[in-house]
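Asker: With the sequence up front, the predicted model follows.
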Amino acid sequence: YYDLGLRHRDETNDQVTIDSANATKKYGVAVKCATITPNAQRVEEYNLKEMWKSPNGTIRAMLDGTVFRAPILVNGVRPTVRTWEQPITIARHAYGDVYRNSEIRIPGAGKAELVFTGENGETLRQTIFDFKGPGIIQGIHNLDASISSFAHSCFQYALSIRQDLWFSTKDTISKTYDHRFKDIFNEIFEKDYKDAFEKAGITYFYTLIDDAVARVVRSKGGFIWACKNYDGDVMSDMIATAFGSLAMMTSVLVSPDGKFEYEAAHGTVTRHYYRYLKGEETSTNPVATIFAWSGALRKRGELDNLPELMEYADLLEQGASYAPALVLGKEGEQASLVAGGYGIFRQNRLVGVLEGDAATGLELLAGKPSADVLSATIGEHSVVVRVYRAVTTSRFDGDGKLKLKCRLWARLAEYDRPLSEGERAALEEQIRRLEEARIFEALAQLQEWQADCLGLGAKAGLTAPSQWVQVESDWPQIFAQQNPSLTVQVEVVQ
């Protein structure tokens with residue numbers, strides 16, 4: 001364990017960051033928590049000796065690694081791009097380009113040249129532009145060794161997760177700089193990885209960056225997209241936003257020799273920390289941090305041949321991503337599927353969990369019945385019915401009281417003769433009583449918690465806007481005092 005907190009880094013003159021990187025090299029797998037990269041304000045606030053460098057940058061440089069970022073998919077959170085069904089992983093070459101550039105503002109007319117002076121004194125010279133007036137120039141660079149490390153990391157990571165690898169530059173315009181990236185990737189693939197890719201059933205694909213963007217938007221996802229530094233910087237944020245947010249992104253640093261460091265893609269969420277210091281309520285999404293640990297545990301299990309540890313990592317991720325399957329209502333007041341029922345949130349805080357019959361009642365109110373299977377009787381026979389559809393409407397009466405109407409459709413299974421009208425009516429009444437009790441149980445709990453997570457009041461207000469305007473600001477308290485009427489209608493299909 002290495003404490004990369006800002007104060008401890010200052011106490012050790014940042015030696016602890018170097019030690020942690022060496023430990024990652026030694027053991028092969030690491031988990032890193034979010035860290036603060038100090039600016040001038042933090043230097044003063046923490047009374048630091050100096051403005052220490054980014055720990056991520058230091059570790060990345062020592063491992064010569066590539067960062068792979070992929071979205072975490074959870075039930076109920078749909079990507080903005082409707083065709084995306086699987087995560088898209090961004091591999092960003094985190095060296096050179098505009099991030100280690102040299103820039104000059106040109107004051108007036110003159111000639112700008114690109115000059116390289118070799119150790120032997122020989123020079124290479126090329127005119128950039130003959131300026132007729134003021135302008136700007138920029139010089140960027142990259143290294144064959146860094147590009148090669150990037151390529152090896154990408155090919156190795158693709159093999160480790162068995163996904164296709166895409167790579168894109170603009171070599172038709174940048175015939176030397178970008179083309180060098182393309183050539184190095186192709187040479188390394190043909191020499192070291194082609195057979196392994198064929199054996200794993202995955203492919204390596206190169207295309208122009210603009211074509212890649214078009215293909216990505218039309219794709220179903222499920223591949224790694226390797227990008228140069230700037231492209232990766234931009235596209236990783238685009239992918240994160242389109243899939244949800246940085247709070248739902250994994251981040252893995254992979255070295256060319258197969259060392260892995262896992263962390264959450266987001267930073268320290270500083271604003272939440274300062275709200276906490278003021279005593280204000282705050283809540284930070286932990287999913288990316290959970291997936292950092294699960295990814296590291298799975299890799300450790302893979303390297304040490306511990307299938308039980310790998311299975312535990314899988315279960316951990318399944319548990320973390322098993323919500324929200326049902327997300328309804330306005331932000332901060334919603335119901336999310338948790339193990340065994342529905343967690344009810346009010347103002348982004350968990351106020352309770354609906355389980356059993358109450359959870360089923362919530363699904364019926366929401367119009368989303370799932371595993372609603374009932375036992376009933378027809379005469380002396382026991383039968384099984386499944387409610388497969390529900391439609392609930394909400395209105396206000398003249399006194400502002402909620403009037404709920406829930407229509408249910410149920411299927412009768414394994415009954416070998418047609419129902420008589422009397423039998424059908426009796427069966428529908430049994431179902432009606434059972435489901436009515438479940439809905440009332442769910443309503444009672446929601447009212448106790450003052451959490452109209454299904455927006456029943458707002459829906460009723462659509463047909464009575466003048467009534468809703470009068471009660472909207474105090475609706476949680478008014479909802480808690482309501483005595484709603486409920487009508488349940490059932491239709492059995494044999």
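Answerer: Right, received. Where do you want to start? Numbers count the residues shown, from 1 in each chain.

Asker: how about the helices in the stretch 101-250 of the chain?
Answerer: Counting by DSSP state H, counting those that start in this stretch, one finds helices in the stretch 101-250 of the chain at the ranges 144-161, 177-188, 194-200, 209-218, 229-243.

Asker: right, so those helices: which one is the most enclosed?
Answerer: Ranked by mean neighbour count under mean count of other C-beta atoms under 10 Å, the helices of the stretch 101-250 of the chain are led by helix 144-161, which reaches a mean of 20. Where you see a C-beta, it was placed from the backbone N, CA and C, and this is true even at glycine.

Asker: Distance to Ala410 for the helices of the stretch 101-250 of the chain - can I get that in JSON lines?
Answerer: Output for these, formatted as JSON lines (distance: least, C-beta to C-beta, whole Å):
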{"stretch": "helix 144-161", "distance to Ala410": "44"}
{"stretch": "helix 177-188", "distance to Ala410": "58"}
{"stretch": "helix 194-200", "distance to Ala410": "48"}
{"stretch": "helix 209-218", "distance to Ala410": "41"}
{"stretch": "helix 229-243", "distance to Ala410": "37"}
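
Asker: What residues sit buried inside the helix or strand encompassing Thr89?
Answerer: Thr89 belongs to strand 88-92 when assigned by DSSP states H and E. Buried residues in strand 88-92, defined by neighbour count with 16 or more other C-beta atoms under 10 Å: 88-92.

Asker: Next, Arg386: secondary structure please.
Answerer: Under DSSP: H, G, I helix; E, B strand; the rest coil, Arg386 falls in the strand class.

Asker: Return the residues in contact with it.
Answerer: Listed by C-beta atoms under 8 Å, 6 or more residues apart in numbering, the contact set of Arg386 reads 372-374, 410-411, 413.

Asker: Mind checking which of these are in helices?
Answerer: Judged by DSSP state H, helices contain none of the contacts of Arg386.

Asker: Give me the lowest-pLDDT entry from these.
Answerer: Within the set of those, pLDDT is lowest for Asp372 (67).

Asker: just to revisit the earlier point, now, the most widely separated pair of the buried residues of strand 88-92?
Answerer: Taking C-beta to C-beta, the two most distant members of those are Ile88 and Arg92; they sit 12.9 Å apart.

Asker: returning to that earlier point: which of the helices of the stretch 101-250 of the chain sits closest to Leu48?
Answerer: Going by C-beta to C-beta, the one of those nearest Leu48 is helix 229-243, 27.0 Å.

Asker: who touches the closest one?
Answerer: Contacts of helix 229-243 (C-beta under 8 Å, 6+ apart): 67, 69, 71, 73, 77, 79-81, 84, 87-88, 90-99, 168-169, 209, 213, 225-227, 246, 248-249, 265.

Asker: how far out from the middle of the chain is that helix?
Answerer: Centre-to-centre, helix 229-243 and its host chain are 13 Å apart (C-alpha atoms, centre = their mean, to the nearest Å).

Asker: Check stretch 79-91 too.
Answerer: On C-alpha atoms, centre = their mean, the centre of stretch 79-91 falls 10 Å from that of its chain.

Asker: Quick check: strands, which of the contacts of helix 229-243 are part of them?
Answerer: 67, 69, 71, 88, 90-92, 168-169, 225-227, 249 (DSSP state E).

Asker: returning to that earlier point: can you redo the contacts of Arg386 as JSON lines with distance to Tyr204?
Answerer: Formatted as JSON lines, the contacts of Arg386 follow (distance: C-beta to C-beta, whole Å):
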{"residue": "Asp372", "distance to Tyr204": "48"}
{"residue": "Val373", "distance to Tyr204": "48"}
{"residue": "Leu374", "distance to Tyr204": "54"}
{"residue": "Ala410", "distance to Tyr204": "53"}
{"residue": "Arg411", "distance to Tyr204": "49"}
{"residue": "Ala413", "distance to Tyr204": "50"}
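
Asker: Which one of these sits in the busiest neighbourhood?
Answerer: Among the contacts of Arg386, Ala410 has the most neighbours (other C-beta atoms under 10 Å), with 25 neighbours.

Asker: what bridges to that one?
Answerer: Val387, Val492 (DSSP bridges).

Asker: how about the buried residues of strand 88-92 in a markdown table, adding pLDDT and distance to Ala458?
Answerer: As requested, those are arranged in a markdown table below (pLDDT from 0 to 100; distance: C-beta to C-beta, whole Å):
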| residue | pLDDT | distance to Ala458 |
| --- | --- | --- |
| Ile88 | 95 | 35 |
| Thr89 | 95 | 39 |
| Ile90 | 95 | 38 |
| Ala91 | 95 | 44 |
| Arg92 | 91 | 42 |
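
Asker: tally of neighbours for Ser294?
Answerer: Quick note: Ser294 (other C-beta under 10 Å) scores 23 neighbours.

Asker: nope, Asp64 is what I was after
Answerer: Counted with other C-beta under 10 Å, residues neighbouring Asp64 total 18.

Asker: Please verify my assumption that it contacts Ala151.
Answerer: No. Counting by C-beta atoms under 8 Å, Asp64 sits too far from Ala151 to count as a contact (12.0 Å).

Asker: For Leu408, what is the enclosing helix or strand?
Answerer: Assigned by DSSP H and E, Leu408 falls in strand 402-413.

Asker: Over to Arg300?
Answerer: Assessed by DSSP H and E, Arg300 sits inside helix 287-303.

Asker: That helix versus strand 66-71: what angle between them?
Answerer: Here helix 287-303 runs at an angle of 120 degrees relative to strand 66-71 (axes from the mean of the first three to the mean of the last three C-alpha atoms, to 10 degrees).

Asker: before we move on, back to that, so what secondary structure elements neighbour the strand holding Leu408?
Answerer: Counting contacts by 3 or more C-beta pairs under 8 Å, 6 or more residues apart in numbering; DSSP states H and E, strand 402-413 packs against helix 356-366, strand 381-396, helix 421-448, helix 456-461, strand 485-493.

Asker: Val492: neighbouring residues, count only.
Answerer: 20.

Asker: if I look at it, how far off is His381?
Answerer: According to C-beta to C-beta, to the nearest Å, Val492 and His381 sit 14 Å apart.

Asker: before we move on, back to that, convert the C-alpha atoms of the strand holding Leu408 to CSV, please.
Answerer: Taking C-alpha atoms only, strand 402-413 is exported to CSV below (Å, rounded to 0.1, in the frame of the first residue of the first chain):
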residue,chain,number,x,y,z
LEU,A,402,-55.3,11.1,-6.4
LYS,A,403,-57.4,8.6,-8.4
LEU,A,404,-55.4,5.7,-9.7
LYS,A,405,-56.5,3.2,-12.2
CYS,A,406,-54.5,0.1,-13.0
ARG,A,407,-55.4,-2.3,-15.9
LEU,A,408,-53.7,-5.7,-15.8
TRP,A,409,-53.4,-8.5,-18.3
ALA,A,410,-52.6,-12.0,-17.1
ARG,A,411,-52.0,-15.3,-18.9
LEU,A,412,-53.3,-18.6,-17.6
ALA,A,413,-50.8,-21.5,-18.0
